[in-house]
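Participant: For reference, the sequence and a predicted model appear below.
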Amino acid sequence: MIRSCFGALRDCKGQNIAGQTEAEGISTNNVQLFSYNYLRSATLNFHPSRKIGGGGYGVVYKGFLRDSTPVAIKSLSAESKQGTKEFLTEINVISDTRHPNLVELIGCCVEDNHRILVYEYMENNSLASALLGSKSKHDALDWPKRAVICLGTASGLAFLHEEAEPHIVHRDIKASNILLDGNFHPKIGDFGLAKLFPDNVTHLSTRVAGTVGYLAPEYALLGQLTKKADVYGFGVLLLEIISGRSSSKAAFGEELLVLVEWTWKLREEERLLDIVDPELTGYPEDEMMRFIKVALFCTQRSANQRPTMKQVVEMLSKGVHLNEKALTKPGVYRVNTFNKDLGGTSSEEISTRAEKGKQPVNSYDSINTDSVSLMFPR
């Protein structure tokens, strides 16, 4: 059992545990080890009033270290199948993956069955709350701020794909995983967490995790995971930032099109700027058009035709010529109804069941093909 307090590898009785971790073959590198009691105290016993977020991996609380430093404390809800050594090995990888547009992992708790992560605190919460929340709660983000969020997120994702060692596919790029600091600069959260909870399948490419509205069709339907699945999710995110609308909650037009479908329809009708958030005024039209077109390049049906994130950064920041003749229609994954045996559960729950071995989601046979359509926009 590892028990430690912030700032040194010591348990709460002051005993040095460095020798213990070395004996067990555990290297903690930059990771601070916290005791469960320490984090419980930091969050007022994980009081509901301290809850600031949540998702597939767990609930996030605001806490304060003993020096009054605010932190975000994520209590992981999934049951890790890894031992302490393996868990800390993955945590070290995450903590060593540093970039201005990635949320910094400060430390963790691996006491008894508790698996808790401690991150830097982001003052403006997530992009989902700042942009897509209720009008009474969200912040007014002008175009310069939104453009910075787009570019910063692209840069962080390009780093994960190309420069991080080992390379990391995020798997769940969405507005709630883009966190904002005090100046509304973006940082990607939850990267690398998928590896903390290995499922029953043996190949990484067969595990489906993500959020409807952002899922690349080849990943949602076939479980084919590549960096290009992240690119698709980023393209959807771009359209959300531009439109101020949630891709997973909003429907457009009489046909109730999803966001990428609606954007393509507007392109065909030569009125792309109609997608822009009505709250945005005074934006440069040329730049806005370029960002929208980059989003369409990212969401093309064929993964091979999507750009890399490094190319996306260049397309967004350098004003390079976009070869629109090469642009093809986006593919769309939608769930109309669900298998009878799944009882009308959401796709996130289907993924959860898949990870627990109850319902594999890695082939055409795994989901009723009458319920799922992989299609070009109407």
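Facilitator: Structure received.

Participant: I am assuming residue 123 contacts residue 179, so please confirm or correct that.
Facilitator: No: shown here, residue 123 and residue 179 do not form a contact pair, counting by CB atoms under 8 Å, at 9.4 Å. Backbone N, C-alpha and C define where each C-beta goes, glycine included.

Participant: Neighbour count for those two, which is higher?
Facilitator: Between residue 123 and residue 179, counting by other CB atoms under 10 Å, residue 179 is the more crowded of the two (28 against 11).

Participant: Ignoring the adjacent residues along the chain, who's closest to that one?
Facilitator: In this structure, residue 179 finds its nearest non-sequential neighbour in residue 122, 4.0 Å apart by CB to CB, 6 or more residues apart in numbering.

Participant: Can you classify that neighbour by secondary structure?
Facilitator: Here residue 122 is recorded as coil under DSSP: H, G, I helix; E, B strand; the rest coil.

Participant: same check, this time on residue 165
Facilitator: Going by three-state DSSP: residue 165 is coil.

Participant: repeat for residue 140
Facilitator: coil.

Participant: what's the neighbour count on it?
Facilitator: 10.

Participant: again, but for residue 239
Facilitator: Other residues close to residue 239 by other CB under 10 Å number 22.

Participant: Check which residues of the one helix or strand residue 230 maps to are buried.
Facilitator: Under the criterion of DSSP states H and E, residue 230 resides in helix 227-243. Within helix 227-243, the residues that qualify as buried are 227-243, counting by 16 or more other CB atoms under 10 Å.

Participant: and the residue nearest to residue 216 when sequence neighbours are not counted, how far is that from residue 217?
Facilitator: Once flanking residues are discounted, residue 216 sits nearest to residue 232: 3.6 Å by CB to CB, 6+ apart. Counting by CB to CB, to the nearest Å, the gap from residue 232 to residue 217 is 8 Å.

Participant: Number of residues surrounding residue 323?
Facilitator: Neighbour tally, residue 323, other CB under 10 Å: 8.

Participant: Phi first, then psi, for residue 61.
Facilitator: phi -120, psi 150 (degrees, to the nearest 10).

Participant: For it, the count of nearby residues, please.
Facilitator: 24.

Participant: remind me which residues of the stretch 151-300 of the chain are low pLDDT?
Facilitator: 197-212, 254 (pLDDT under 70).

Participant: which stretches of it form strands?
Facilitator: Counting by DSSP state E, counting those that start in this stretch, the stretch 151-300 of the chain has strands at residues 178-180, 186-188.

Participant: can you give me the offset of the longest helix seen in the chain from its chain's centre?
Facilitator: Criterion DSSP state H: the longest helix present in the chain is helix 143-162. Helix 143-162 sits 13 Å away from the centroid of its parent chain (CA atoms, centre = their mean, to the nearest Å).

Participant: Go through it and flag the buried ones.
Facilitator: Across helix 143-162, burial judged by 16+ other CB under 10 Å covers 143, 145-147, 149-161.

Participant: Report all helices and strands that it contacts.
Facilitator: strand 178-180, strand 186-188, helix 227-243, helix 285-298, helix 309-317 (3 or more CB pairs under 8 Å, 6 or more residues apart in numbering; DSSP states H and E).
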